[in-house]
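K.L.:
Pasted the sequence and its predicted model underneath.
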Amino acid sequence: LQEMYDLLRGGVEQRVKAAAQEAEVTYYDHFKTHLRRLFDANQRLKAKLNKTEATLTASEQRILDLTRDTEELRAERHQIHELHREAQRSERLTVEVLEAQRKKHDEVVDHRDSLDKELHSAKDQLVVLAAEKAEA
């Protein structure tokens, strides 16, 4: 009976050891598979992060470029505004000069007319004096 018990016990122990070994191998394979999936997911996340960082860097550079362009446009707008003000000032000065030239021209014409009148008057007096001299 003892012999049978030992045989049975040995067989059961062997089966328990084999089952335990099989469970250990199965657990190890399951753990390894799970670990591989986690590693793969981590790699995908790293790749996505790198892509996101590259996009962010490109976006930051684009923002810097747009900021620089905006500053350049502001400076150009300021220059245009200054040029516009200068053109208006120049236009006002041109109008003033033209008005002054017109006034001067009118004065010269008036002076010439008065000199013409004096000349005609002097000629008339000369004619009168010449006629008086001829009579005398």
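P.N.:
Yep, it's here.

K.L.:
Quickly find the element holding residue 129.
P.N.:
If you go by DSSP states H and E, residue 129 is part of helix 2-135.

K.L.:
quick one: average confidence on that helix?
P.N.:
Helix 2-135 carries an average pLDDT of 92.

K.L.:
number of nearby residues for residue 130?
P.N.:
Other residues near residue 130 come to 10 when the count uses other C-beta atoms under 10 Å. The way it works is simple: take the backbone N, C-alpha and C, and place the C-beta from them, glycine included.

K.L.:
begin at 9 from here
P.N.:
Got it, the first residue is 9 from now on, which makes the last one we talked about residue 138.

K.L.:
From residue 130, how far out is it?
P.N.:
12 Å (C-beta to C-beta, to the nearest Å).

K.L.:
okay, and the common contacts of those two?
P.N.:
Common neighbours of residue 138 and residue 130 (criterion: C-beta atoms under 8 Å, 6 or more residues apart in numbering): none identified.

K.L.:
measure residue 73 to residue 67 for me?
P.N.:
As judged by C-beta to C-beta, residue 73 and residue 67 stand 11 Å apart.
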